[in-house]
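Using only what follows, build the 3D model:
(one chain, ligands or ions: 1)
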Amino acid sequence: MSTKLFPRLHLLSHPFPLPSFPLMKLQPSIRQSRPIHIFSRVFPFKLKYASMAFSSRPSQTFQGVRRSSAVGRSSERGGFGASKSLVEDEAELSDWVSDLKTSSFRGRITSDEDSDEDRRRGRGKDRDRDRDGDRESPSLKRGRGRQSYELRESSERRRPRGPSTESYPKSSRNVSRFKREYEDEREDFRSRSSGRVFVRENVGSSIGRGRGTRETNSRNQQIPGRESLERGRRDSKYRARFTGESESEEDEDEEEEDDGKRRRTKTGVRDFLGDEDSADDEDEEKDFLFGKSTNTLFPSGEKVSEMDRPRKSPGGSDSYLSETRFDQCSISPISLKGIKDAGYEKMTVVQEATLPLILKGKDVLAKAKTGTGKTVAFLLPSIEVVVKSPPTGDQKRPPILVLVICPTRELATQAANEANTLLKYHSTIGVQVVIGGTRLALEQKRMQANPCQILVATPGRLKDHIENTAGFATRLMGVKVLVLDEADHLLDMGFRKDIERIIAAVPKQRQTLLFSATVPDEVRQISHIALRRDHEFVNTIQEGSEDTHAQVRQMHIVAPLEKHFSLLYAILKEHIADDVDYKVLVFCTTAMVTRMVADLLGELNLNIREIHSRKAQSYRTKVSDEFRKSKGLILVTSDVSARGVDYPDVTLVIQVGLPADREQYIHRLGRTGRKGKEGQGILLLTPWEEFFLSTVKDLPISKAPMPLIDPETKKKVDRALAHVEMKNKEAAYQAWLGYYNSNKTVGRDKYRLVELANEFSRSMGLDNPPAIPKLVLGKMGLKNIPGLRVK
Ligand SMILES: Nc1ncnc2c1ncn2[C@@H]1O[C@H](COP(=O)(O)OP(=O)(O)OP(=O)(O)O)[C@@H](O)[C@H]1O
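I've put the predicted structure just below:
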C-alpha cells in the first residue's frame with residue numbers, strides 16, 4: 001500500500017482538569033508516545049482531540065467518572081443502541097430457527113428438569129458437557145460439524161435442554177471428527193459471542209440479590225511435528241470419548257492425562273507424547289506454583305445519584321493514569337510494597353474510581369476502556385479483604401475468600417499472575433488457578449497443598465470442581481468477594497447457566513464486582529443476577545466519548561473476498577517494513593479459518609504464530625507467553641484472544657471478516673493502545689459485510705485508501721495458497737459457512753450465503769467448493785441449496 005504520501009502522526013500529551021476528590025490531584029498526564037507508522041500516513045490529517053465537556057456535580061467523588069446507583073440507569077453509550085450480535089434477540093432467533101426446519105432439531109427440545117435428572121442418574125464427567133449442550137440426540141451429535149456449532153449454540157439459547165440417554169456411536173470416524181470439532185469450536189464461539197441476552201427485567205426488580213433471591217436469578221518456527229502430534233492426540237482422545245468416556249468441555253488435556261493409559265492402548269498415539277506432555281505439565285505446574293501461598297463488607301444501602309464528572313483533556317486524548325497514588329488510599333503497607341515493586345505508583349482512572357467504593361464494601365459494576373488496569377482495580381481491594389479476614393480454624397478445608405471468574409484460560413492465568421505480583425510480600429496469602437485443559441487432579445492437589453485464599457477460574461472448570469472435588473463446595477462457602485471479569489461476556493447466554501450455578505455455590509452475603517470495557521444495556525439490566533440492588537455503576541468513559549482509545553487509529557477497508565488474502569499480506573508487509581518492532585494480531589472469524597490463514601501467512605514466510613481453541617492448552621500457553629515477550633511477530637488468532645489478554649506494545653490489530661458484534665470489535669481492537677500507548681486497527685470487510693459499520697458508527701473508524709496489489713504480490717499469494725493443505729481449506733470453508741450462516745444478516749438468505757461461501761472457496765484458490773457432509777448441511781438448514789456439494 002502506498003502510504004508515503006501522508007504525514008506521520010504523533011500524539012501529544014495533554015493535561016486533565018483538577019478533580020474535586022480531596023485526595024486526588026490531577027496533573028497533566030504523561031503518555032507514552034510512539035510514532036504511528038504505516039497507516040498513520042494514509043491520513044492526511046493529524047488526530048484532533050475534541051475537548052470533553054461534562055457536567056460537574058458537587059457530590060461527585062471522581063473526575064471523569066460517571067457513577068450511578070443501580071436503579072434506573074439505562075444508556076451510557078450515547079446514541080448507540082443494543083449491540084448487534086449473531087442472534088440478537090429471542091424473537092429473531094425464533095424466526096431464524098424456524099427457518100431451519102430440521103426434524104432432528106425439533107428432536108432436541110427437552111426440558112431442564114430432565115437434564116438435571118439425567119445428571120443425578122450420573123453420567124460421570126459427562127455432566128459438565130451436558131451443561132453445554134450435549135443433552136441431545138446422537139443423531140444431532142453425529143451431525144455436528146464445528147461450523148454448525150453456532151447453530152446449536154444459538155438454538156440452545158431458546159430451548160430447554162434435556163437428556164440423551166443414548167451413548168455416542170463408538171467407531172464412526174465422522175462422529176469423532178464432528179464431536180471434536182464441535183467441542184473445540186465451543187470455546188471460540190464463547191469467546192466471540194457476547195451481548196446476547198434475553199432477560200429484560202429492570203435492575204432493582206424483586207429478583208435482585210438484594211431482595212434475597214440470588215438463585216433466580218512463525219508457524220515456520222513452530223516445533224516440528226508438534227502440530228500433527230497434537231492432532232493425533234486429539235483424534236485419540238475423541239475416539240476415547242465415543243467409547244463412553246468423557247470429560248468436561250474445558251478439560252481435554254486433563255483427560256489425556258487421566259485416561260492416558262487406556263487411550264494409549266487403544267490408539268498408540270500417546271506413545272509419542274508421553275515425555276512431551278509431562279514436560280508441559282511440569283511447566284504448567286511451575287507456572288502455577290510460582291508465588292506462594294476478607295472483612296465481610298456490606299454496603300450501607302446508600303443511593304448514589306448519577307454523577308457525571310469532568311475529566312477534561314485539553315489535549316484531547318484520554319488518560320489512563322490518575323494523579324492519585326496508591327499510598328493515598330487505605331491499602332495495607334504490605335500490599336503497597338508489592339504495588340511499588342510492580343512499578344505502579346499512581347492509580348489508573350478506573351482504579352481511582354472504584355477502589356474507595358470496593359474498600360467500603362460496595363458491589364460495583366465498572367466500565368473502563370481496554371488496557372486501563374481493571375485487573376488491579378478488582379484484585380487489590382480483594383486482597384485487602386483477605387488481609388482483614390481473621391484466620392480460620394479449618395485446616396482441612398480452608399475457605400476460599402476471593403473467587404475471580406474469567407471467560408478464557410489465558411485471561412485467568414494472566415489475572416493470577418497479576419495477583420501474585422501484588423501478593424509478593426503476603427507470604428501467607430496464596431492464589432491458585434483452575435482452568436480447562438489441565439489436569440483436574442493436579443489442581444485438586446495444588447488447592448489442597450498450597451494457600452488458596454484467592455481462586456481464579458474459568459466457569460466450566462470451576463463448575464467441574466464444585467461437582468467433583470471433595471470439600472470444594474465447603475471451601476467456596478467462605479467466599480467474601482466474587483469477581484466477574486469481562487462481566488458482560490460471562491453474563492451472556494454462552495456462560496449464563498454456569499455463572500448462575502457458580503453464584504448459587506457462593507454465599508449470598510458477599511461482595512460482587514463486575515468489570516468490563518463494554519457494558520451493553522442488556523447486561524446492566526440483568527446484573528441483578530449477581531449484584532446487590534444498591535450496587536454502584538462506575539463508568540469511567542465520559543459521555544460523548546468513544547468506548548475506544550483516541551490514540552488508536554481505526555480504519556476499515558472494504559474489498560471483495562477475492563482480494564482479502566492479498567490485501568492482508570500487503571498490509572502486513574507494509575507494517576513490517578515500517579516498524580521493526582511490529583507486533584500484530586490478526587483476528588479471524590473461526591478457529592479453522594484462523595488455522596488456514598496462519599498456514600497461508602506461514603507459506604508467505606511471515607513470522608507467525610497461531611492460537612485458537614483447536615490447539616492444546618500447553619501450546620496455547622507457550623505461544624501466548626512468547627507473543628507477550630516478543631517483538632517482530634504476528635499472532636493469527638480466533639476470538640480466544642479477543643478479551644482481556646494483555647500483550648504489551650501491540651502495534652496493529654487486523655480484523656478479517658465480520659466481528660461477532662460491536663463489543664467484540666472493541667475488545668479485539670483493545671489489544672492495542674494499552675496503557676495509553678498508540679496503536680492501529682484495521683477492519684477488513686467485504687462489500688456485503690459493510691453493514692457492520694453502522695453498528696460502530698459512533699467510533700472513529702475511517703475509510704482507508706485501497707492498498708494497491710501489484711501483480712507480483714497477487715502471484716505470490718496465489719502460489720502460497722496452492723501450498724496450504726487441502727484439508728485445512730476444506731475445514732475453513734465449512735467453518736466459514738457455519739459462522740456466516742449463524743449471522744442474522746448474512747445467514748438470512750441461504751442462497752446468497754452459499755454464493756458467498758463459494759466466493760470464499762474461490763478466494764482460497766479452489767475451483768470447486770469442498771463437499772460437506774449431508775448431515776452437517778441438514779443441521780445448518782442448508783439442505784438442497786444450490787451450489788453446495790454434498791458428501
Ligand atoms: N496503576 C497502574 N500503573 C501502571 N500500570 C498499571 C497500573 N495498573 C495496571 N497496570 C498495567 O496496565 C496493563 C493493563 O491492565 P489490565 O490488563 O488490567 O487492563 P484491562 O483494563 O483489564 O484491559 P481489558 O479491558 O483489555 O481486559 C497491565 O499491564 C497492568 O500491569
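
For G316, give me the pLDDT.
Looking at G316, its pLDDT is 32.

near the ligand, which residues of the chain?
The chain comes close to the ligand at residues 344, 346-348, 351, 368, 370-376, 517, 644, 646, 670, 674-675, as judged by Cβ under 6 Å from any ligand atom. (Each C-beta comes from the backbone N, C-alpha and C, glycine too.)

any idea how far the residue nearest to V479 when sequence neighbours are not counted is from R674?
Spatial nearest neighbour of V479, excluding adjacent residues (Cβ to Cβ, 6 or more residues apart in numbering): V506 at 4.1 Å. According to Cβ to Cβ, to the nearest Å, V506 stands 31 Å off from R674.

Same check on G436?
Separation of G436 from R674 (Cβ to Cβ): 26 Å.

Looking at those two, which is more packed in?
More crowded of G436 and R674, by other Cβ atoms under 10 Å: G436, with 26 against 21.

give me phi/psi at the more buried one?
G436 adopts backbone torsions of phi -70, psi 160, taken as degrees, to the nearest 10.

again with Q680
Dihedral angles of Q680 (phi, psi; degrees, to the nearest 10) stand at phi -140, psi 150.

Please name the bridge partners of it.
With DSSP bridges applied, Q680 shows beta-bridge pairing to R553, L652.

Check the burial of it by counting its neighbours.
Q680 has 27 neighbouring residues, counting by other Cβ under 10 Å.

Does it touch V552 like I think?
Yes: Q680 lies in contact with V552 (Cβ atoms under 8 Å); the separation is 6.7 Å.

intersection of neighbour lists for the two?
Here Q680 and V552 have T672 as joint contacts, going by Cβ atoms under 8 Å, 6 or more residues apart in numbering.

which non-adjacent residue is nearest P687?
In space, and not counting its chain neighbours, P687 is closest to V558: 5.7 Å by Cβ to Cβ, 6+ apart.

helices or strands up against the helix or strand containing H667?
Counting by DSSP states H and E, the element that carries H667 is helix 662-669. Other helices and strands packing on helix 662-669, by 3 or more Cβ pairs under 8 Å, 6 or more residues apart in numbering; DSSP states H and E, are strand 652-656, strand 679-685.

Please name every helix or strand in contact with the shortest one.
Under the contact criterion of 3+ Cβ pairs under 8 Å, 6+ apart, strand 652-656 touches helix 561-578, strand 583-587, helix 662-669, strand 679-685.

so what secondary structure elements neighbour the second one?
Spelled out, that is strand 583-587. Against strand 583-587 (3+ Cβ pairs under 8 Å, 6+ apart) you get helix 561-578, strand 633-637, strand 652-656.

Kindly report the same for the last one.
Based on contacts counted as 3+ Cβ pairs under 8 Å, 6+ apart, the elements that strand 679-685 packs against are strand 552-558, helix 561-578, strand 652-656, helix 662-669.

and with 10 Å instead?
strand 552-558, helix 561-578, strand 583-587, strand 652-656, helix 662-669, strand 701-703 (3 or more Cβ pairs under 10 Å, 6 or more residues apart in numbering; DSSP states H and E).

got the angle between that strand and strand 552-558?
Taking axes from the mean of the first three to the mean of the last three Cα atoms, to 10 degrees, one finds strand 679-685 and strand 552-558 inclined to each other by 20 degrees.

Ok, the third one next?
Between helix 662-669 and strand 552-558, the angle formed by their directions is 120 degrees, by the same axes, to 10 degrees.
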